[in-house]
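J.: 3D, please:
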Amino acid sequence: MDKWASEILFPTLYLVYALGALLLFFWITKAINSSFTKAQDVLSTGGLWWIFAIVLGVVTMLALVGLSFFNGWFDDTRNLEPFFWLLGFIIVDVLLIFWLPTALATPKSMRYVPPGSMLLRKIYGG
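T.: Next up, the predicted model:
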């Protein structure tokens, strides 16, 4: 299990954290530097948010599968149960690293673009 953690788990987690922070930085920077005159322009940025979220999830899952394959973890002698658990935790990481910060911290006119941000802002009063 220690070998799996050092070869597969930690590189995958480092990737999801680094890529998530980078995409979060791009999103917040875009929100700060954007000025919109029409609501339609603001709503059109929702597609960019979804692209960022999907890229984060897909790239991380591909890295997990690739690392597992190239390190020989898909042969018949290894237990694959941790692999499937990690796929679920990647989704949780995407939610905690990208969705939650963007839903709570997106400034200015783009603050309601991330899904669920209006509800979250009502709950915490922001």
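J.: and the most centrally placed residue in the chain, its phi and psi?
T.: Compute the mean C-alpha point of the chain, and by Cα atoms, centre = their mean the closest residue is residue 94, 3.1 Å away. Torsion angles at residue 94 (phi, psi; degrees, to the nearest 10) stand at phi -60, psi -40.
J.: which SSE is the residue nearest to it when sequence neighbours are not counted in?
T.: Sequence neighbours aside, residue 57 is the residue nearest to residue 94 in space, at 4.8 Å (criterion: Cβ to Cβ, 6 or more residues apart in numbering). (C-beta placed from N, C-alpha, C; glycine too.) In this structure, residue 57 sits in helix 46-70 according to DSSP states H and E.
J.: buried residues, that helix. List them.
T.: Residues 49, 52-53, 56-57, 60-61, 63-65, 67-68 are the ones in helix 46-70 that count as buried (16 or more other Cβ atoms under 10 Å).
J.: repeat that for stretch 91-101.
T.: Quick answer for stretch 91-101 (16+ other Cβ under 10 Å): 93-94, 97-101.
J.: stretch 73-89 now?
T.: 73, 82-83, 86, 89.
J.: what's the answer for stretch 17-24, then?
T.: Under the neighbour-count criterion of 16+ other Cβ under 10 Å, stretch 17-24 has 19-20, 23-24 buried.
J.: now stretch 110-117
T.: Within stretch 110-117, the residues that qualify as buried by neighbour count (16+ other Cβ under 10 Å) are 110-111, 113-114, 117.
J.: what about it, how long is it end to end?
T.: By Cα to Cα, to the nearest Å, the extent of stretch 110-117 from end to end equals 10 Å.
J.: now do that stretch: distance to the chain's middle.
T.: Relative to the chain's own centre, stretch 110-117 is displaced by 15 Å; criterion: Cα atoms, centre = their mean, to the nearest Å.
J.: for the helix-or-strand element of the chain with minimal mean pLDDT, which outside residues touch it?
T.: The least trusted helix or strand in the chain, going by mean pLDDT, DSSP states H and E, turns out to be helix 2-4, with a mean of 76. Outside helix 2-4, the residues within contact range by Cβ atoms under 8 Å, 6 or more residues apart in numbering are 73, 82.
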